[in-house]
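[1] Could you work out the structure for the sequence below:
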Amino acid sequence: MVLFAVNWRPLMFRGGIAVLTGVVGLLWPGLQPDTLIVVFGAYALADALATLTIAFRARGVRGFGSLLIHGLVGVTAGVVAFTFAGMPAILPTVMASWAAAKGIAEILTAIELRREVTDEWPLAATGALSIIFGALIMPGIGLDVFALAWVFAFYAIFLGIFLVATARRLRQLAQEMALA
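    As a prediction, this is how the structure comes out:
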């Protein structure tokens, strides 16, 4: 779809910021709960702003709703994380809810993208990965902050890789359309 293809840059940004966030999570020794919630909040907001950029460019196009929901969920998660940064006990609930809602929205977007583009599977994989991540960190699982940080870091890295793969495919599609 032309619209998705020309929006490969915000998707590439989302992937890059995810990988960067994951690397920070892995390399930050002794990451404290209050710091983790701020790192997560910053990531959720950056991801949401890139997603909302795509969504607002896609007004009136199939898939707009799932992109909008995805972006709004990210803004909400980021604001909640910053608002309650002094209460790290809420972090697993916020992260799990964010990941599940985001995953569903990504799968819905991939379904719409599938109608126009081949090799859209990385976006669907990000949705599935987000849902799995949300299930892994659900409250009650009992992850300590260090385990949560590591799980989040690996999730962010893999998520970023899938987003970059999707962005590269869309960039290729945009280049093909420019030549046609």
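[2] Identify the residue nearest Ala99 in space, chain neighbours excluded?
    The shortest distance from Ala99 to any non-neighbouring residue, by C-beta to C-beta, 6 or more residues apart in numbering, is to Gly134 (3.5 Å). Quick note: C-beta positions are derived from backbone N, CA and C, even for glycine.
[3] Look up how far Tyr155 lies from the one you found.
    9 Å (C-beta to C-beta, to the nearest Å).
[4] Overlap of the contact sets of those two?
    Taking C-beta atoms under 8 Å, 6 or more residues apart in numbering as the contact rule, Gly134 and Tyr155 both touch Ala99.
[5] returning to what we had before: how near is the residue nearest to Ala99 to Leu159?
    Gly134 is 12 Å from Leu159, by C-beta to C-beta.
[6] Neighbour count for these two, which is higher?
    Of the pair Gly134 and Leu159, Leu159 is the one with more neighbours under other C-beta atoms under 10 Å, namely 28 against 21.
[7] Quick check: buried residues in the one helix or strand that one maps to?
    Assessed by DSSP states H and E, Leu159 sits inside helix 145-179. Neighbour counts over helix 145-179 (16 or more other C-beta atoms under 10 Å) mark 145, 148-149, 151-153, 155-171, 173-174 as buried.
[8] Check the offset of the helix or strand hosting Val38 from the chain's centre.
    Using DSSP H and E, Val38 sits in helix 33-57. On the basis of C-alpha atoms, centre = their mean, to the nearest Å, helix 33-57 sits 8 Å off its chain's mean C-alpha point.
[9] Can you work out which other helices and strands pack against that helix?
    helix 2-6, helix 8-27, helix 64-83, helix 91-114, helix 145-179 (3 or more C-beta pairs under 8 Å, 6 or more residues apart in numbering; DSSP states H and E).
[10] Alright, I will stop here.
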